[in-house]
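# Sharing a sequence plus its predicted fold:
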Amino acid sequence: MGKKKTLKNFWVRIESASSTVTGSLLYVKPNFPNGKRKPELVFDCGAFLTEECKEFNKTFPCNPENIDAVFITHEHVDHMGRLGGFYNQGYKGKVYASEYTTEVLKSDAMRNYFFMRKRKEDPKYEEKDAIALINGCTSIDLEEVINIDENVEIVAYNNAHTKGAVMYIVTFKYEKHEIEILITGDYKKKGISGKSYFPNNKKFKKKITIITEATNGNKKRPEAKFKKNLEKIIYQGKSALCSSIGRERSEDVLYAIKTLQENGKIPRTIPIYVEGNKFLDLNKININVIPFNFNIINDRNSKEIALYDKRQKIIIVANRGSFTYFLQHFINKETWGIFFLNHMSKGSLAERLMVEKGTKVIIGGNTYEKIADVFQTDEFSRHYYIDELKDLFDGFECINAVFLGHGESESKKDLQEELKKRKNLKVQILKRGEAFKIYEDKIRHSK
Ligand SMILES: [Zn+2]
């Protein structure tokens with residue numbers, strides 16, 4: 001096979017709306033040698049959630065009126081929270097997502113609208129925009145080929161980041177020439193909901209540019225210690241309170257408990273109280289993860305039952321308010337183990353509780369003596385650790401370049417350094433206000 005000449009006037013311009021962890025939005029615009037500069041695409045349309053970035057919610061890096069299609073990788077607010085605002089500023093097209101994500105987008109559209117109106121938050125939009133979003137949502141199947149027009153096709157692949165998450169391969173075609181881009185969104189290789197072996201365990205032959213996230217930087221998978229610690233606490237006759245925010249994570253945690261029961265490590269007679277809410281939707285829960293002696297907390301009454309039940313018990317909550325409620329009752333008791341199953345950020349409640357027994361701590365405005373055992377683990381992170389990324393890269397014979405978004409700037413730099421050790425791999429960090437051109441065999445900065 002002779003090497004064909006690459007085309008000088010064939011590129012795809014990409015621009016990220018975000019430099020940080022939230023506000024994911026990638027604006028993609030091709031340039032074909034015949035002068036065609038369509039279709040214009042947007043991948044994810046997330047809200048900025050941190051105080052210092054909220055101002056960014058007002059504007060987009062593109063004119064929504066000109067966008068031909070929007071693709072969403074998954075249902076987290078920092079990846080879809082600005083869709084209403086996008087319609088408000090003139091978008092008229094469809095929003096493509098997996099079947100599960102589509103359902104969530106539709107059921108969240110009105111709820112987010114009322115929430116936004118009550119809090120007077122940006123991006124401002126109206127009821128008609130929420131309705132346009134509900135009607136614009138279009139469900140796609142895994143590995144189904146979507147032809148946007150004769151030059152562009154898009155395929156969704158499974159991604160274990162969260163329930164319903166996908167990643168996209170976008171192919172821009174011109175005569176015999178192709179530019180291929182993989183957009184992972186947040187990425188995880190394995191989860192309760194499946195595996196992202198890519199693509200189907202075969203090597204992908206064509207040259208690819210990968211746009212991915214960097215939440216965990218170059219970190220290795222942490223030691224799994226949740227099961228060991230929980231088993232110990234239960235063996236000592238103590239009860240456990242677990243804080244687990246996020247749907248997929250809650251299912252992982254339930255499944256870990258179920259495995260402990262099945263292996264005889266903890267008695268099946270201990271009641272498991274689980275809070276069902278937006279974060280752990282019991283209508284959509286994977287029934288394979290439900291442990292024995294499973295009790296649902298879904299109102300004030302069932303919350304009090306969970307609190308006052310005198311037996312040894314395990315309580316799992318996915319809501320910060322409820323967690324504080326239980327924590328205030330248990331933190332000063334010798335008979336409790338408290339488990340933080342989310343990432344421990346600087347100044348967080350988890351970090352403030354990592355102190356010697358007997359230290360005074362403040363929870364929800366009140367002061368308590370910290371007596372309970374407190375644990376924290378990152379093993380349930382829904383973002384990849386470095387080995388999973390290396391596995392993903394090994395699925396491709398030839399990588400043109402890698403772009404890193406979504407992550408603290410330190411994580412991105414750490415990951416960039418780690419990846420640069422790979423031979424000839426070009427690695428760029430995506431920044432708000434900075435654009436790149438992706439060619440068949442190189443990348444360049446763009447205006
Ligand atoms: Zn996410």
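Received, thanks. Computed from a predicted model, the values in this text were never measured in an experiment.
# For the rest of this, base every contact and every neighbour count on C-alpha atoms.
Will do.
# List the residues that contact the closest residue to residue 158 other than its chain neighbours.
In space, and not counting its chain neighbours, residue 158 is closest to residue 166: 4.8 Å by CA to CA, 6 or more residues apart in numbering. Each residue near residue 166 by CA atoms under 8 Å, 6 or more residues apart in numbering is listed here: 73-74, 98, 142, 156-160, 184-185.
# at 6 Å what do you get?
73, 156-159 (CA atoms under 6 Å, 6 or more residues apart in numbering).
# Now do the SS call for residue 389.
helix (DSSP: H, G, I helix; E, B strand; the rest coil).
# low-scoring stretches of the stretch 251-400 of the chain, by residue?
Applying pLDDT under 70 to the stretch 251-400 of the chain picks out residues 278-279.
# which stretches of it form strands?
Ranges of strands in the stretch 251-400 of the chain, per DSSP state E, counting those that start in this stretch, are 272-275, 294-297, 314-317, 336-340, 360-363, 366-369, 373-376, 396-405.
# thinking again about what came up before, type out the ChimeraX command that picks the buried ones from the contacts of residue 166.
In ChimeraX, this line selects whichever of these come out buried by 16 or more other CA atoms under 10 Å:
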select :73,156,157,158,159
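# In space, what's closest to the spatially most central residue of the chain - neighbours in sequence excluded?
Central residue of the chain (CA atoms, centre = their mean): residue 186, 4.8 Å from the mean position. Counting by CA to CA, 6+ apart, residue 213 is the residue found nearest to residue 186 once chain neighbours are left out, at 5.7 Å.
# Look up which residues are beta-bridged to that neighbour.
Residue 213 has these beta-bridge partners by DSSP bridges: residue 405.
# What is the burial count for it?
Residue 213: 27 surrounding residues under other CA atoms under 10 Å.
# got the contact list for it?
186, 404-406.
# how does it look with 7 Å?
Listed by CA atoms under 7 Å, 6 or more residues apart in numbering, the contact set of residue 213 reads 185-186, 404-407.
# Distance check, it against residue 87.
Applying CA to CA, to the nearest Å, the value for residue 213 to residue 87 is 26 Å.
# what's the answer for residue 244, then?
Going from residue 244 to residue 87 by CA to CA gives 33 Å.
# And for residue 255?
Distance of residue 255 to residue 87, computed by CA to CA: 39 Å.
# again with residue 241
Taking CA to CA as the measure, residue 241 and residue 87 are separated by 42 Å.
# One more: residue 361?
46 Å.
# of the two, who's got more company?
The neighbour count for residue 361 versus residue 87, taken as other CA under 10 Å, is higher for residue 87 (22 against 18).
# Could you tell me whether that one really is in a helix?
Yes: under three-state DSSP, residue 87 sits within a helix.
# which residues in the stretch 151-300 of the chain form helices?
Applying DSSP state H, counting those that start in this stretch to the stretch 151-300 of the chain gives helices spanning 226-235, 247-262, 300-308.
# closest one to residue 318 among the ones you listed?
Residue 318 lies closest to helix 247-262 among the helices of the stretch 151-300 of the chain, at 7.3 Å (CA to CA).
# Now do the buried residues in that closest one.
247-261.
# Which one of the residues you listed is nearest to residue 205?
Closest approach to residue 205 among the buried residues of helix 247-262 (CA to CA): residue 248, at 32.0 Å.
# From residue 382, how far off is that closest one?
For residue 248, the distance to residue 382 - CA to CA - is 8 Å.
# now do residue 91
For residue 91, the distance to residue 382 - CA to CA - is 31 Å.
# cool, residue 367 as well?
Distance, residue 367 to residue 382, using CA to CA: 33 Å.
# what does residue 37 give?
36 Å.
# of the two, who's got more company?
residue 382 (22 against 13).
# Surely that one is in contact with residue 159?
No: the criterion here is CA atoms under 7 Å, and residue 382 misses it with residue 159 at 10.4 Å.
# Show me whatever sits in contact with both of these two.
Residues touching both residue 382 and residue 159 (CA under 7 Å, 6+ apart) are residue 188.
# residues near residue 426, how many?
17.
# Enumerate every residue touching the closest residue to residue 334 other than its chain neighbours.
Spatial nearest neighbour of residue 334, excluding adjacent residues (CA to CA, 6+ apart): residue 372 at 5.1 Å. Residues near residue 372 by CA under 7 Å, 6+ apart: 331-338.
# between these, which is closest to residue 67?
residue 338 (47.6 Å).
# my guess is that closest one contacts residue 241, does it?
Yes: between residue 338 and residue 241 there is a contact under CA under 7 Å: 4.9 Å.
# Name the next helix or strand downstream of the longest helix seen in the chain, please.
Across the chain, the longest stretch assigned as helix under DSSP state H is helix 99-119. The helix or strand immediately downstream of helix 99-119 is helix 127-136, counting by DSSP states H and E.
# Cheers, nothing more for now.
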